[in-house]
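Visitor: quick one: sequence and predicted model below, then my questions.
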Amino acid sequence: MKDNQNGFLIQSICNPALFTVLDLRSTIFSQGKIIVENISDPNNPEVIPDDPFIKLINDPYVKTSRQDFLYKHLWFKSLGNNYTRKILSGTDPNNIDSVNALYNLIPENIDWNEITNLDKFLITEEQKRQYNEQKIKYDFNGNCINIPLNQLVAFYDVTNALLNDGQLMQSPSRLQGLQGVLDNVMENIKTKGINLNFSSKYLATNETVTKGITTPLDEDDKQEVEETLYNKSIMATNAALNVQSLAADFRKLMLGDLFAEDYFTIARAYNVPREVAEAWLKSGGTFENQEKSFVKWVQSSVQFEGDDFTDTYQADFKYLEQNKRIKMSWDHLPMMASVHKEEEEAFQSFVQSYIDLVNADIYTAQEAREKIELRKEKLRL
């Protein structure tokens, strides 16, 4: 049994509408800034610049940059699942000091046949250990490699085990619900290609009527008409010829409008606002309303993907047990600067209002401090 997103990878490369949406998401995601904080004192987290995870993510694999790794991560995940292999130098896959590389496996090259289709809950630690020691078969350029499940970090586009309790590490793909739209895009392109091919072809018929009978063109006349149509943009003739293009009227077909609607349908399925999708389609030119949509999209949809990424690695390497937290944000992007400035100004105003309330003996200093910390955490300042 191959991974259930079989076929979607090729479609994601060959289907221009789907490719554009995934490229938008993966490009922005790959620009995220990742930090690790020491949260021994939750009120005063300290950045750990030389944490092993930062070193690993900045140089995940041979000839692979951090941006490449993150881009590929979200691309694969968008198709249904992404499985990242932890390549070990030690023995403990959950100890980051034992991991010297990370590699995003091509999901369609994974064979799950050797993995047990569960028929009961995993409750005891021994059951979990036995499950995680099972091995997938991975086709690495024709070479079959056995990889234990405990060396995989799994990410799901929808959620795992949604359709089958026994397939604990697999998620359905949202592209299953978009297959009709994807087919429409390719048919649109095919139709446009056919019409372009026929746009240089014409049908000429003789409409001369003699004694009530339409006179057909003789062979010499047919050859002259064909040569004239091919070689000249204007044809002068005394004959009553009706010349028609064999191509359909592009305006009536509305292929461009239909392609755009299918593109926006795919974008909506991936929680990309129409304004953002439209700006990306037009090479990134944005207006004020598009910038606001971009900021809102990054703060919700893209941040959700970032939180899933960091939370998963945080749990896998047991960072919370070490009082460490992994964070990912896009506040450093130029388009985010204005909204971040507005949030800081609003926060300063909020703080000043509580200072005034404390001075007026309406709140105690401790109560005001708690309110301010809650607001600070909410704004991620």
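Guide: Cool, the structure landed.

Visitor: and residue 114, how many neighbours?
Guide: Residue 114 has 11 neighbours, counted by other CB atoms under 10 Å. For glycine as for every other residue, the C-beta is placed from the backbone atoms N, C-alpha and C.

Visitor: list the contacts of it.
Guide: The contact partners of residue 114, taken as CB atoms under 8 Å, 6 or more residues apart in numbering, are 134-137.

Visitor: in this structure, where's the longest helix?
Guide: Secondary structure of the chain per DSSP state H: the longest helix is helix 334-359.

Visitor: list the buried residues in that helix.
Guide: 336, 339-340, 347, 354, 358 (16 or more other CB atoms under 10 Å).

Visitor: and the next helix or strand past it?
Guide: helix 365-379 (DSSP states H and E).

Visitor: would you list the buried residues of helix 334-359 in CSV and tack on pLDDT?
Guide: Listed next are the buried residues of helix 334-359 as CSV, based on pLDDT from 0 to 100:
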residue, pLDDT
336, 81
339, 70
340, 69
347, 85
354, 88
358, 90
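
Visitor: which of the contacts of residue 114 has the most neighbours?
Guide: residue 136 (23 neighbours).

Visitor: so which elements touch the helix or strand containing that residue?
Guide: According to DSSP H and E, residue 136 maps onto strand 135-140. Judged by 3 or more CB pairs under 8 Å, 6 or more residues apart in numbering; DSSP states H and E, strand 135-140 is in contact with strand 110-111, strand 143-148.

Visitor: any chance you could map the strands in the stretch 151-300 of the chain?
Guide: With strands called from DSSP state E, counting those that start in this stretch, the stretch 151-300 of the chain shows them at 152-156, 202-206, 209-210, 213-214, 241-245.

Visitor: what ranges does the protein have for its helices?
Guide: 8-14, 16-30, 52-58, 66-78, 125-132, 179-198, 219-231, 250-253, 255-269, 274-281, 288-297, 303-316, 334-359, 365-379.

Visitor: quick one: closest of those helices to residue 90.
Guide: Closest approach to residue 90 among those (CB to CB): helix 52-58, 11.9 Å.

Visitor: quick one: buried residues of that closest one?
Guide: Quick answer for helix 52-58 (16+ other CB under 10 Å): 53-54, 56-57.

Visitor: low-confidence stretches in the stretch 101-250 of the chain?
Guide: 193-222, 224-250 (pLDDT under 70).

Visitor: how about 80 then?
Guide: The stretch 101-250 of the chain contains residues with pLDDT under 80 at 191-250.

Visitor: ditto for the stretch 251-381 of the chain
Guide: For the stretch 251-381 of the chain (pLDDT under 80), the answer is 251-256, 281-290, 337-343, 345, 376-381.

Visitor: the strand holding residue 136 pairs with which strands?
Guide: If you go by DSSP bridges, strand 135-140 pairs up with strand 110-111 (antiparallel), strand 143-148 (antiparallel).

Visitor: show me the contacts for residue 161.
Guide: Neighbours of residue 161 in contact, by CB under 8 Å, 6+ apart: 167-168, 170.

Visitor: I misspoke; the intended subject was residue 365.
Guide: By CB under 8 Å, 6+ apart, the neighbours of residue 365 are residue 358.

Visitor: gap between it and residue 371?
Guide: Distance of residue 365 to residue 371, computed by CB to CB, to the nearest Å: 11 Å.

Visitor: over to residue 267?
Guide: Distance from residue 267 to residue 371, by CB to CB: 39 Å.

Visitor: try residue 280
Guide: Counting by CB to CB, the gap from residue 280 to residue 371 is 40 Å.

Visitor: which of the two has more neighbours?
Guide: residue 280 (22 against 16).

Visitor: could you list the domains of the protein?
Guide: 1-178+254-326, 182-253, 331-381 (automatic domain parsing).

Visitor: so which of those is the most surrounded?
Guide: Mean neighbour count, computed with mean count of other CB atoms under 10 Å, is highest for domain 1-178+254-326 among the domains of the chain, reaching a mean of 17.

Visitor: on that earlier part again, output the contacts of residue 161 as a markdown table; include the columns distance to residue 123.
Guide: Below are the contacts of residue 161 laid out as a markdown table (distance: CB to CB, whole Å):
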| residue | distance to residue 123 |
| --- | --- |
| 167 | 18 |
| 168 | 13 |
| 170 | 21 |
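
Visitor: my read: residue 280 touches residue 17, true?
Guide: No: shown here, residue 280 and residue 17 do not form a contact pair, counting by CB atoms under 8 Å, at 11.8 Å.

Visitor: hang on, the earlier thing: between the helices of the chain, which gets nearest to residue 41?
Guide: helix 365-379 (12.2 Å).

Visitor: so what's the gap between that closest one and the chain middle?
Guide: 35 Å (CA atoms, centre = their mean, to the nearest Å).

Visitor: re the thing from before, for residue 101, state which of the contacts of residue 161 is nearest.
Guide: The closest of those to residue 101 turns out to be residue 170 (CB to CB; 24.3 Å).

Visitor: quick check: the closest one vs residue 152, distance?
Guide: 12 Å.

Visitor: what do you get for residue 184?
Guide: Taking CB to CB, one finds residue 184 at 35 Å from residue 152.

Visitor: give me every residue that touches the nearest residue to residue 318 once chain neighbours are set aside.
Guide: Spatial nearest neighbour of residue 318, chain neighbours left out: residue 94 (6.0 Å); criterion: CB to CB, 6 or more residues apart in numbering. Residue 94 sits next to 150, 316-318 when contact means CB under 8 Å, 6+ apart.

Visitor: check the residues you listed against residue 309 and report the nearest one.
Guide: residue 316 (11.1 Å).

Visitor: wait, doesn't that closest one sit right on residue 153?
Guide: Yes: taking contacts as CB under 8 Å, residue 316 lies within contact range of residue 153: 5.4 Å.
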